[in-house]
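Visitor: quick one, structure for this:
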Amino acid sequence: MYKVKKIKWNMFVTLIIGLAFLLCMQTISLAAMGDEYTQPQPDIKITSIAFSNDNPDEDEEITISATVWNNGTMNITNASVTFSYDMITIEQIANLSIGAKKNITVNTTWKAVKWGHNISVMLSVDGIPVKDSIHTFLF
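Guide: This is a model prediction of the structure:
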């Protein structure tokens, strides 16, 4: 009879230790996920980029337009679009607000420079680049 009680006690202790271990592991794995788990990326993207002239002369001012679509169910504030050439910022348009299921178009002007250049447009929210939001064109 003593052995039966001892086995039940050992099973109970093993069960408690196992549950405590599983709880600790769950807490550790959630903590390891960090902000990426609790704050998913907004559902926002650049849907089109247009140039007023695809073949400008040197020193000709052209307009570069980017349309941004918010496919999410919540309004987005503090978005920004950065236009650059050869990693030199042309202009950053900040503090943009985009309603849910809405789009906006932002424009900048650039004085064309001789030879080929990479024109890039990048989208960010709260200063964090949105995944897959950098679009580059050889111009």
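
Visitor: so which bits of stretch 68-85 are buried?
Guide: 68-70, 72, 76, 79-85 (16 or more other CB atoms under 10 Å). In this view, the C-beta of every residue, glycine as well, is placed from N, C-alpha and C.

Visitor: quote the end-to-end distance of that stretch.
Guide: 19 Å (CA to CA, to the nearest Å).

Visitor: over to stretch 52-69?
Guide: 21 Å.

Visitor: next one: stretch 80-93
Guide: Note: stretch 80-93 ends 5 Å apart using CA to CA.

Visitor: can you check stretch 85-104 too?
Guide: 22 Å.

Visitor: avg pLDDT for that stretch?
Guide: For stretch 85-104, the mean pLDDT works out to 95.

Visitor: identify all contacting residues around that stretch.
Guide: Identification of contacts with stretch 85-104 by CB atoms under 8 Å, 6 or more residues apart in numbering yields 44, 47, 64, 67-84, 106, 108, 110, 113, 117-120, 139.

Visitor: repeat that for 6 Å
Guide: Residues from elsewhere that reach stretch 85-104, judged by CB atoms under 6 Å, 6 or more residues apart in numbering: 67-70, 72-77, 79-84, 106, 108, 110, 117-119.

Visitor: determine which two of the buried residues of stretch 68-85 are furthest apart.
Guide: Of all pairs drawn from the buried residues of stretch 68-85, the greatest distance, 30.1 Å, lies between 72 and 85 (CB to CB).

Visitor: I'd like the distance between residue 105 and residue 45.
Guide: According to CB to CB, to the nearest Å, residue 105 stands 14 Å off from residue 45.

Visitor: okay, these two: which has more neighbours?
Guide: residue 45 (17 against 12; other CB atoms under 10 Å).
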